[in-house]
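Enquirer: pasting the sequence and the predicted coordinates here, then a few questions.
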Amino acid sequence: MQNKSKKELFEKLPVPKALMKMAVPTVISQLINLVYNMVDAFFIGRTGNSYMVAATSLTLTLVMMNTALSNLFGVGGGSLVARLMGASNETECRKVSAFSIYGSLGTALAYSLLTGAFLSPLLVFLGASDATLEYARQYTLIVIVIGSAFSMLSMTLAHMLRNTGHSVKASAGLSAGGILNMALDPLFMFVLLPGGSEVIGAALATLISNVVSFVYLAVTYARAIKSAPLSFKLSDAAGIAKTSVKNLFSVGVPSAILTGLFDLANICANMIAAAHSDLVLAGLGIVMKVERVPNAVNIGICQGAMPIIAYNYSAGNSERTKKTINTARLWGLAVSLVSILLFELLSEPVIKVFMDTAAEDTALLTVGFATMFLRLRCLASPAQFINYHASFCMQAMGNGRSTMIHAFVREIIFYIPFMFVFDRFFGETGLACALPVGELCGAIFATWLLLRTMRRGQGKPRRSE
């Protein structure tokens, strides 16, 4: 009965209703996890210590790289599982899911070891100064070196569950960790640990929350095996077909590169900001968290649409594929336009939520930089959504090559060069303006790539992978 219900959702349910069922839990999960990441910034900001804020801004780069690596098997394997379900090949689905889990575990362990081995020079390269290095070390050691495997496996398990129709369960697992983090942050930062240890407290809260999410999702995944084509068996992972490995990496590698290049762009932005001052870096770091609110909603919409698009594209249902793509696009653009209006009207009050201006003299300067960054960078939101939307759609249709080309052109050809050029001539204001200009150029290119992908797949049944 559960399999029949999932088939009904992918094939028959009106597209807005199907997208609502898949996207709403994902959006909620994205927002809750975003909130718990922002809670770290909020409580650290209560100290008024701009150097702590700057340090945790630097570590966001390493957290994003963790996400990029999880996409290698999470997005790549999840997308392939949905396409194999559309092609009615459940045996290979199980092999792909098991391969993705063990591949994610191995990648997480390698990332933890390499980060730990080169921790201090890595943080200095990312822009850490003498005033921020120790805080950045504390957070990275706990969250990445010790905790990377838990967070990466949690995201991979959630992708597998979501792409087999268990969107609510996947979102519940990620959300549970986020809610727990919100409760643990003030406990560890201001009650259990002494003053000056707020960064360690935030990191410990995040680690424990990621462990809880992993345990919940692992148990849920094991139970879902009874009704979904999923597996934990090492023998299934070893038995995966070579063509499946190729198809997984054809989407997973571009997805990882996409997030990795986005992370590289943030590294460049942080380095440019740090060259101005630690206060500019702190202001940019606050804005990078705030502007993720509309991005989280829009990524949730794209992730919710992805399994429906992948399933119907593989099944040869081009009409339902197009309708899902168009509906998701309309929803995301509406979210983006509303976010611009709110950020333009409320930028300074929003920033002050994350920075106590009464605690330190430098906090007022940090708020000023952050307000300017937010008012200019929020203009990029519609173009950012178009970039996300096109990328997720192409991944769903198995077009990893175009996804990778888009990621390269968007970040390397447009955004990163604009950052350096605009900053050279216009300073901090130019650095802020580089984002909307770069994203707009990337969105135009992404739209052309997506239309080309859809034309090539139109009317071509894809009953096998």
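Expert: In hand now; what should we look at? Numbers count the residues shown, from 1 in each chain.
Enquirer: surely Ile386 meets Cys441?
Expert: No - counting by C-beta atoms under 8 Å, Cys441 is not a contact partner of Ile386; they are 11.2 Å apart. Placement of C-beta: from N, CA and C, glycine included.
Enquirer: burial of Thr61, as a residue count?
Expert: Thr61: 24 surrounding residues under other C-beta atoms under 10 Å.
Enquirer: can you tell me how far Ala54 sits from Ala273?
Expert: 9 Å (C-beta to C-beta, to the nearest Å).
Enquirer: also Phe42?
Expert: On the measure of C-beta to C-beta, Phe42 and Ala273 end up 20 Å apart.
Enquirer: which non-adjacent residue is nearest the most centrally placed residue in the chain?
Expert: Central residue of the chain (C-alpha atoms, centre = their mean): Thr67, 6.1 Å from the mean position. Nearest non-adjacent residue to Thr67, counting by C-beta to C-beta, 6 or more residues apart in numbering: Thr259, 5.7 Å away.
Enquirer: same check, this time on Glu90
Expert: Residue nearest to Glu90 in three dimensions, not counting chain neighbours: Pro229, with 3.9 Å by C-beta to C-beta, 6+ apart.
Enquirer: any stretches of the stretch 251-400 of the chain with poor pLDDT?
Expert: Low-confidence segments of the stretch 251-400 of the chain (pLDDT under 70): 356-361.
Enquirer: for it, just list every one of the helices.
Expert: For the stretch 251-400 of the chain, the helices defined by DSSP state H, counting those that start in this stretch occupy 278-290, 292-315, 318-353, 362-377, 381-396, 400-408.
Enquirer: closest one to Phe249 among the ones you listed?
Expert: Phe249 lies closest, by C-beta to C-beta, to one member of the helices of the stretch 251-400 of the chain: helix 400-408, at 7.8 Å.
Enquirer: other SSEs contacting that closest one?
Expert: Contacts defined by 3 or more C-beta pairs under 8 Å, 6 or more residues apart in numbering; DSSP states H and E place helix 400-408 against helix 242-276, helix 381-396, helix 416-457.
Enquirer: okay, these, which one's buried deepest?
Expert: helix 381-396 (a mean of 26; mean count of other C-beta atoms under 10 Å).
Enquirer: and the angle for that helix with helix 242-276?
Expert: Angle, helix 381-396 to helix 242-276, by axes from the mean of the first three to the mean of the last three C-alpha atoms, to 10 degrees: 160 degrees.
Enquirer: centre of the chain to helix 381-396, how far?
Expert: 13 Å (C-alpha atoms, centre = their mean, to the nearest Å).
Enquirer: again with stretch 301-314
Expert: How far stretch 301-314 lies from its chain's middle: 17 Å, per C-alpha atoms, centre = their mean.
Enquirer: same check, this time on stretch 397-408
Expert: Mean-position distance between stretch 397-408 and its chain equals 17 Å (C-alpha atoms, centre = their mean).
Enquirer: how close does Met152 get to Phe214?
Expert: Distance of Met152 to Phe214, given as C-beta to C-beta: 9 Å.
Enquirer: make that Val280, sorry
Expert: Per C-beta to C-beta, Val280 is found 36 Å from Phe214.
Enquirer: what's the answer for Tyr135, then?
Expert: 26 Å.
Enquirer: more neighbours, the two?
Expert: A direct count of neighbours by other C-beta under 10 Å for Tyr135 and Phe214 places Tyr135 higher, at 26 against 22.
Enquirer: does the more buried one touch Gly201 like I think?
Expert: No - applying C-beta under 8 Å as the test, Tyr135 and Gly201 come out as separate, 11.8 Å apart.
Enquirer: quick one: residues contacting the spatially closest residue to Phe354 that is not a sequence neighbour.
Expert: In space, and not counting its chain neighbours, Phe354 is closest to Gly45: 4.3 Å by C-beta to C-beta, 6+ apart. Gly45 makes contacts with 53, 286, 353-356, as judged by C-beta atoms under 8 Å, 6 or more residues apart in numbering.
Enquirer: cool, and Glu291?
Expert: Glu291 neighbours (C-beta under 8 Å, 6+ apart): 343, 374, 377-378, 381.
Enquirer: quick one, phi psi at it?
Expert: Per-residue torsions, Glu291: phi -70, psi -10 (degrees, to the nearest 10).
Enquirer: gap between Leu231 and Gly78?
Expert: To be clear, residue 231 is Ser; Leu isn't right here. 14 Å.
Enquirer: higher neighbour count, those two?
Expert: Applying other C-beta under 10 Å to Ser231 and Gly78 shows that Gly78 carries more neighbours, namely 33 against 23.
Enquirer: ok now stretch 372-382, how far from the chain's centre?
Expert: From the chain centre to the centre of stretch 372-382 is a distance of 19 Å (C-alpha atoms, centre = their mean).
Enquirer: and it, how far apart are its ends?
Expert: In stretch 372-382, first residue to last residue: 19 Å (C-alpha to C-alpha, to the nearest Å).
Enquirer: run through who's touching it.
Expert: With C-beta under 8 Å, 6+ apart as the test, stretch 372-382 has contacts from 283-284, 287, 290-291, 294-295, 333, 336-337, 339-340, 343-344, 347, 350-351, 428-429, 431-433, 435-436, 438-440, 443.
Enquirer: how about the nearest residue to Ser151 once chain neighbours are set aside, secondary structure?
Expert: Spatially, and ignoring its direct neighbours in sequence, Ser151 is nearest to Asn210 (4.4 Å; C-beta to C-beta, 6+ apart). Secondary structure for Asn210, judged by DSSP: H, G, I helix; E, B strand; the rest coil, is helix.
Enquirer: shouldn't Asn210 be in contact with Gly147?
Expert: Yes - Asn210 is within contact range of Gly147, at 5.3 Å (criterion: C-beta under 8 Å).
Enquirer: more crowded one of these two?
Expert: Between Asn210 and Gly147, Asn210 has the larger neighbour count (other C-beta under 10 Å), namely 26 against 23.
Enquirer: quick one: that one from Leu376, how far?
Expert: According to C-beta to C-beta, Asn210 stands 33 Å off from Leu376.
Enquirer: could you list the buried residues of stretch 116-132?
Expert: For stretch 116-132, the neighbour count (16 or more other C-beta atoms under 10 Å) marks 119, 122-123, 126-129, 132 as buried.
Enquirer: quick one: which two of these are the most distant?
Expert: The span of the buried residues of stretch 116-132, defined through C-beta to C-beta, is set by Leu119 and Ser129 at 15.7 Å.
Enquirer: ok, and the closest non-adjacent residue to Thr91?
Expert: Nearest residue to Thr91 in three dimensions, chain neighbours excluded: Pro229, at 7.7 Å (C-beta to C-beta, 6+ apart).
Enquirer: does the one you found belong to a helix, a strand or coil?
Expert: Going by three-state DSSP: Pro229 is coil.
Enquirer: please flag which of the buried residues of stretch 116-132 sit within helices.
Expert: Using DSSP state H, the members of the buried residues of stretch 116-132 that fall in helices are 119, 122-123.
Enquirer: do a quick rundown of the helices in the stretch 51-200 of the chain.
Expert: Under DSSP H, counting those that start in this stretch, the stretch 51-200 of the chain gives helices at 90-117, 119-125, 133-140, 148-163, 167-187, 198-224.
Enquirer: deepest of those, which one?
Expert: Ranked by mean neighbour count, the helices of the stretch 51-200 of the chain are led by helix 148-163 with a mean of 27 (mean count of other C-beta under 10 Å).
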